[in-house]
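Participant: Following is a predicted model, sequence given first.
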Amino acid sequence: MSVQMRDAVAVVTGGGSGIGRATAHSLARRGARVVVTDCDGGRADAVAGELGERGIAAVCDVTRLEDLQSVRDLALERFGRVDIVMNNVGILAVGPVEDIPLDAWQRVIDVNLLGIVRSNLVFLPVLVEQGAGHVVNTASTAGLLPYGYEQMPYTATKHAVVGLSEALALYLRPRGIGVSCLCPGVVATNIVEQVTFYGETSPPRGPNSPVLDAGTVGELVADGIAEDRFLILTVPEVANELRERGADMDAYLSRLIADVM
């Protein structure tokens with residue numbers, strides 16, 4: 001079921017910077033052709049230019065179904081197929097939960113969760129018809145563990161992305177299509193540009209781990225696709241914490257609550 005990278009066609013949303021850009025480079029180095037999409041056309045063009053003949057660019061706002069349809073049509077027109085779809089766009093609303101307004105919740109859900117829903121509507125029929133391909137959804141360690149109470153809309157949507165990805169794996173893998181869920185820890189990107197702050201904010205919490213560069217994560221994603229792995233972690237220790245959480249959720253939450261009191 002693993003995708004052969006040589007001459008595969010990949011679509012990467014949020015590909016103009018950070019993890020998306022790094023993954024585009026990793027896939028191109030392995031022989032894939034990449035449609036780099038971003039809501040910032042200049043950034044998409046720059047990354048596609050870095051990839052040379054293996055990259056083309058498109059402006060894409062994942063809250064607009066028609067933008068994703070245009071990207072699909074461009075990929076099919078230029079390359080005749082789509083093999084890999086990486087859904088990699090995310091924004092944050094940060095602050096005490098009682099200070100984050102409803103419209104901020106709606107915006108985060110529209111981008112982080114419904115952006116993937118729209119992508120599924122557009123690209124899954126192509127993958128299912130050809131009976132091959134791979135989908136990568138970028139979630140977060142905040143979608144696995146309950147640290148992110150100061151960024152609750154992000155945490156809620158990333159938990160939803162993990163659950164959506166698990167269900168997609170059950171549906172798509174019998175149809176010859178791989179599914180991976182990327183759950184990165186802290187990565188040096190420009191995601192701060194996508195953060196809106198409300199009320200008095202406190203420093204974000206999470207598992208203690210070093211800050212990774214985006215290039216390392218891009219390689220992990222490409223490896224995960226090649227190996228047809230579902231869960232792609234950048235912090236291996238998270239697996240141990242997941243086991244602790246699964247063994248006794250009450251005890252696990254009690255430990256975390258004691259740490260913040």
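Facilitator: Cool, the structure landed.
Participant: Going by C-alpha atoms from here, please, whenever you check contacts or count neighbours.
Facilitator: Noted.
Participant: Could you tell me how far the longest helix anywhere in the chain lies from the centre of the chain?
Facilitator: Assignment by DSSP state H gives helix 152-172 as the longest helix of the chain. Chain-centre distance of helix 152-172: 10 Å, with CA atoms, centre = their mean, to the nearest Å.
Participant: Report the mean confidence score over it.
Facilitator: Mean per-residue pLDDT for helix 152-172: 97.
Participant: which other helices and strands contact it?
Facilitator: When contacts are defined as 3 or more CA pairs under 8 Å, 6 or more residues apart in numbering; DSSP states H and E, helix 152-172 packs onto strand 92-94, helix 102-108, strand 133-138, strand 177-183.
Participant: closest to V71 out of the ones you listed?
Facilitator: strand 133-138 (15.5 Å; CA to CA).
Participant: Pull that closest one out as PDB, backbone CA atoms only.
Facilitator: Output of strand 133-138 as PDB, limited to C-alpha atoms (Å, rounded to 0.1, in the frame of the first residue of the first chain):
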ATOM      1  CA  GLY A 133      -2.700   7.100  -2.700                       C
ATOM      2  CA  HIS A 134      -1.900   8.500   0.700                       C
ATOM      3  CA  VAL A 135      -3.500  11.200   3.000                       C
ATOM      4  CA  VAL A 136      -1.500  13.000   5.700                       C
ATOM      5  CA  ASN A 137      -3.400  15.100   8.300                       C
ATOM      6  CA  THR A 138      -1.400  17.400  10.500                       C
END
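Participant: tilt between it and strand 177-183?
Facilitator: 10 degrees (axes from the mean of the first three to the mean of the last three CA atoms, to 10 degrees).
Participant: number of nearby residues for V36?
Facilitator: 32 (other CA atoms under 10 Å).
Participant: Now do the longest helix of the chain: everything it contacts.
Facilitator: 91-94, 97, 105, 108-109, 112-113, 128, 137-140, 142-144, 146, 148-149, 178-181, 230 (CA atoms under 8 Å, 6 or more residues apart in numbering).
Participant: Please indicate which of those are buried?
Facilitator: 91-94, 105, 108-109, 112-113, 137-140, 142-144, 146, 148-149, 178-181, 230 (16 or more other CA atoms under 10 Å).
Participant: related to what we said a few turns ago, want to throw the helices and strands packed on helix 152-172 into CSV with mean pLDDT?
Facilitator: Below are the helices and strands packed on helix 152-172 laid out as CSV (pLDDT from 0 to 100):
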stretch, mean pLDDT
strand 92-94, 91
helix 102-108, 97
strand 133-138, 98
strand 177-183, 98
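Participant: Tabulate the ones you listed (TSV), appending distance to F197.
Facilitator: Output for these, formatted as TSV (distance: least, CA to CA, whole Å):
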stretch	distance to F197
strand 92-94	5
helix 102-108	10
strand 133-138	22
strand 177-183	23
